[in-house]
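Participant: Show me the folded form of this:
(chains A and B)
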Amino acid sequence: MVDKFDIEQIRKDFPILDQQVNGAPLVYFDNAATTQKPQMVIDALNHYYTHDNANIHRGLHTLAERATTGYELTRKKLKDFLNSESTDQIIFTSGTTAGINLVAQTYGRANFSKGDVILVSNLEHHSNIVPWQMIAEETGAKVQVIPVDDTGVLDLSAYKALLTPHVKLVAVNHVSNSIGTINPIELMIDLAHEIGAKVLIDGAQSVAHFEIDVQALDIDFLVFSAHKLFGPTGVGVLYGKRELLEAMPPYQGGGEMIKEVSFSGTTYNELPYKFEAGTPNIADVYAFGFALDYLKSLPKNAVWEQEKALLDYATEQLSQIDGLRIVGQAPEKIAVVSFVIDGVHPQDIGVLLDKFGVAIRTGHHCAQPLMARYELVGTCRASFAFYNTKSEIDLFVKALKRTIMMLS
Amino acid sequence: MATINETQDELIEEFGLFEDWADKYEYLIDLGKKLSPMNDAFKTEENVIKGCQSKVWLHAEKQGDQVVFFADSEAIIVKGMISMLIRVLSNHTAAEIMQADLYFIDQIGMSQHLAQTRSNGLVAMVKQMKNYAIAFHAIA
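Facilitator: All right, here's what the predicted structure looks like:
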């Protein structure tokens, strides 16, 4: 554990940041799409394939044991990271989307029927809308939407009104990917539980920014991706309450998820293996554990404080640009600034900023219903991580001003 | 009237005059701004090519033995690209358009706009221009 937040040292831990793009120093402000990886994670991947690679859980040889131990160690680290009751409730998936589909296709199929309601919010990413629409169509359930106000805050009185006894599940993001709003999930979970509904939290955009205690928040299901948490791509996590996971039918059939197979019938393995059919992404799961170690080594609250400082500075600097409007001004938000500029298409901004070495995201951010709510074709989104700096924001703002001049 | 390849060579020469990327893009943006406005009647659901980030509209008609294109986009850099594609391909016969090899895009360093297949609809637009030519050629 380091005592103070040494930004120079931290940037050295992320080797990708030190490079030139189109002749300019890289400014990476697309952290909501994916975060960069510390050297520890890169080294872990290399170490795994150089020394430990084997298939897990079945082999009796030394390499199989090393690989199994490495894979299961990450599950233990995640148990601590989330304060889960047990490691059995941590299921590895390929990402947030896979986790949501798993819950929709197992829990949803077993529990939804005609007339039931699945509540989502207007802030959701398509991956927390479409899987529910698909299972709703199959089961006769309906998807209803919690509205959002002009500043990007969910309308809680509307939410309360929507919470009828027909609601079986509330599926909401903890943090909006396109505008950064932090939703009051503690309150939303309590209200849902009062009427007997379960809650799935899409934590894709929150886990990198603050701690989530699944027991304190009484979360039924939590899903997120490793790659937005400084880990490798292709790994996701589904946490669920034990009684829910145990009652759910398996998702995919295959090896690993079975206890005994015969042609007269098959019995299924216990948690978490029941939901991990086939050879999993062993190397990336192993390396993901090192991302969790890295985060743990940072001074407490430092990540949040650094990001808050970046958000405040960026908001102040961007607000001074003529014709620029920030979309999403919720009082509680993470370090994401989504904006539009009068008379300029976001795509043109994105193309030109890239020429200045600045990476941001433009478009609808896979949240078309939210763009429709604000009557926008898309926005420009700068999203920060703790390894970003104020001087990078200065470079970004300078490049943005030049871009606007070129386009107007 | 210049041939398709003569026009491509002209564009390569024009872009060769610029020293840095900013000058190139300023010229491209200028071409986008000067693109002849498309008649709103042509901006139909049938004529739209939806990219992930911006839309392109494309309409083609036969004037005499030549194919003429009209197009527009929401994004100005895409409009600049459209302007060049129209300059190269419009007012040629269907057979000439079908056979055209569009080498200028790569040579002026703008191939990234065609590589971003999902974002801007330009790849689909080039394909659609050729499809129009094939269709006009078939009924000729």
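
Participant: which ones are touching the one residue sitting closest to the centre of chain B?
Facilitator: Centrality entry for chain B: nearest residue to the mean C-alpha point is B:Leu85, 2.5 Å, by CA atoms, centre = their mean. B:Leu85 makes contacts with B:Phe69, B:Ala71, B:Leu102, B:Met125, B:Val126, B:Met129, as judged by CB atoms under 8 Å, 6 or more residues apart in numbering or on different chains. C-betas here are computed from N, CA, C, even on glycine.

Participant: Adding pLDDT and neighbour count, write these out as TSV.
Facilitator: What follows is those, written out as TSV (pLDDT from 0 to 100; neighbours: other CB atoms under 10 Å in any protein chain shown):
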residue	pLDDT	neighbour count
B:Phe69	96	23
B:Ala71	95	26
B:Leu102	93	17
B:Met125	88	23
B:Val126	89	18
B:Met129	94	24
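
Participant: In strands only, show me these.
Facilitator: Mapping the contacts of B:Leu85 onto strands (DSSP state E) picks out B:Phe69, B:Ala71.

Participant: Can you tell me which of the contacts of B:Leu85 is closest to chain A?
Facilitator: Taking CB to the nearest CB as the measure, chain A sits nearest to B:Met125 out of those, at 14.5 Å.

Participant: Off-centre distance for the helix or strand encompassing A:Leu191?
Facilitator: If you go by DSSP states H and E, A:Leu191 is part of helix A:185-194. Counting by CA atoms, centre = their mean, to the nearest Å, helix A:185-194 is centred 20 Å from the centre of its parent chain.

Participant: Residues contacting that helix, please?
Facilitator: Under the criterion CB under 8 Å, 6+ apart, residues A:119, A:154, A:156, A:159-160, A:163, A:167, A:170, A:172, A:174, A:198-199, A:201, A:217-220 lie in contact with helix A:185-194.

Participant: Show residues contacting the helix or strand following that helix.
Facilitator: Sequence-wise, the next helix or strand downstream of helix A:185-194 (DSSP H and E) is strand A:198-202. With contacts defined as CB under 8 Å, 6+ apart, strand A:198-202 is touched by A:96, A:100, A:103, A:107, A:124-125, A:127-128, A:168-174, A:185, A:188-189, A:192-193, A:212, A:217, A:219-224, A:244.

Participant: Mark which of these are part of helices, please.
Facilitator: Judged by DSSP state H, the subset of these located in helices is A:Thr96, A:Ile100, A:Val103, A:Ile185, A:Met188, A:Ile189, A:Ala192, A:His193, A:Leu217, A:Leu244.

Participant: partners of the residue nearest to A:Arg361 when sequence neighbours are not counted in the sheet?
Facilitator: Nearest residue to A:Arg361, sequence neighbours excluded (CB to CB, 6 or more residues apart in numbering or on different chains): A:Arg381, at 4.6 Å. Beta-bridge partners of A:Arg381, counted by DSSP bridges, are A:Ser338, A:Arg361.

Participant: what about stretch A:215-235, start to end distance?
Facilitator: Stretch A:215-235 has an end-to-end distance of 23 Å (criterion: CA to CA, to the nearest Å).

Participant: tell me which residues in it are buried?
Facilitator: A:217, A:219-232, A:234-235 (16 or more other CB atoms under 10 Å in any protein chain shown).

Participant: cool, and stretch A:296-305?
Facilitator: Buried residues in stretch A:296-305, defined by neighbour count with 16+ other CB under 10 Å: A:Leu298, A:Ala302, A:Val303.

Participant: in the one helix or strand the last one maps to, what counts as buried?
Facilitator: Looking back up the chat, that one is A:Val303. Using DSSP H and E, A:Val303 sits in helix A:302-319. Residues of helix A:302-319 classed as buried: A:Ala302, A:Val303, A:Gln306, A:Glu307, A:Lys308, A:Leu310, A:Leu311, A:Tyr313, A:Ala314, A:Gln317, A:Leu318 (neighbour count, 16+ other CB under 10 Å).

Participant: As TSV, these with pLDDT would be great.
Facilitator: Below are those laid out as TSV (pLDDT from 0 to 100):
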residue	pLDDT
A:Ala302	88
A:Val303	91
A:Gln306	94
A:Glu307	96
A:Lys308	96
A:Leu310	98
A:Leu311	98
A:Tyr313	98
A:Ala314	98
A:Gln317	98
A:Leu318	98
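
Participant: Show me the two of the ones in helices among the contacts of strand A:198-202 that sit farthest apart.
Facilitator: Spanning the widest gap among those are A:Thr96 and A:His193, at 22.9 Å by CB to CB.

Participant: Settle it for me: which of those two has more neighbours?
Facilitator: A:Thr96 (26 against 14; other CB atoms under 10 Å in any protein chain shown).

Participant: Roughly how far does the more buried one sit from A:Ser127?
Facilitator: As judged by CB to CB, to the nearest Å, A:Thr96 and A:Ser127 stand 6 Å apart.

Participant: The nearest residue to B:Gln63 once chain neighbours are set aside: what's it in contact with?
Facilitator: Nearest residue to B:Gln63, sequence neighbours excluded (CB to CB, 6+ apart): B:Asn91, at 8.0 Å. Applying CB under 8 Å, 6+ apart to B:Asn91 gives the contacts B:Met1, B:Gln63, B:Gln66, B:Val67, B:Val68.

Participant: and which of those residues is nearest chain A?
Facilitator: The closest of the contacts of B:Asn91 to chain A turns out to be B:Val68 (CB to the nearest CB; 26.1 Å).

Participant: Of all the helix elements in the chain, which one is longest?
Facilitator: Assuming you mean chain A. helix A:62-82.

Participant: Oops, wrong one, chain B.
Facilitator: In chain B, taking DSSP H as the definition, the longest helix is helix B:122-139.

Participant: quick one, helices of the stretch 1-150 of chain A?
Facilitator: Ranges of helices within the stretch 1-150 of chain A are A:7-13, A:39-47, A:62-82, A:96-103, A:109-111, A:130-139, based on DSSP state H, counting those that start in this stretch.

Participant: How about chain B?
Facilitator: Applying DSSP H to chain B gives helices spanning B:4-16, B:21-34, B:76-89, B:94-99, B:104-107, B:112-115, B:117-120, B:122-139.

Participant: does the fifth one come close to chain A?
Facilitator: No - Helix B:104-107 does not reach chain A (CB under 8 Å from any CB of the partner chain); its nearest approach is 14.8 Å.

Participant: show me what contacts the residue nearest to the spatial centre of chain A?
Facilitator: The residue lying closest to the centre of chain A (CA atoms, centre = their mean) is A:Ala204, at 1.1 Å. A:Ala204 makes contacts with A:Thr96, A:His125, A:Asn173, A:Asn177, A:Val223, A:Phe224, A:Ser225, A:Lys228, as judged by CB under 8 Å, 6+ apart.

Participant: how about the residues of chain B near chain A?
Facilitator: Proximity of chain B to chain A, by CB under 8 Å from any CB, involves residues B:21-22, B:25-26, B:29, B:52-54, B:74-78, B:113, B:119-120.

Participant: Is the residue of the stretch 151-300 of chain A found nearest chain B in a helix, a strand, or coil?
Facilitator: Going by CB to the nearest CB, chain B is nearest to A:Ser178 of the stretch 151-300 of chain A, at 13.5 Å. Following DSSP: H, G, I helix; E, B strand; the rest coil, A:Ser178 is assigned to coil.

Participant: residues contacting it?
Facilitator: A:Ser178 touches A:Leu123, A:His125, A:Gly328, A:Ser338, A:His364, A:His365, A:Ala367, A:Leu370, A:Met371, A:Thr379, A:Arg381, counting by CB under 8 Å, 6+ apart.

Participant: From those residues, pick the one nearest A:Gly265.
Facilitator: For the contacts of A:Ser178, the nearest to A:Gly265 is A:His125 (39.1 Å; CB to CB).

Participant: Do I have it right that the closest one meets A:Leu370?
Facilitator: No - using CB atoms under 8 Å, A:His125 makes no contact with A:Leu370, being 9.1 Å away.

Participant: Can you pick out the residue with more neighbours from those two?
Facilitator: With other CB under 10 Å as the criterion, A:His125 and A:Leu370 differ in neighbour count, and A:Leu370 comes out ahead with 27 against 22.

Participant: On the three-state scheme, the more buried one is what?
Facilitator: Going by three-state DSSP: A:Leu370 is helix.
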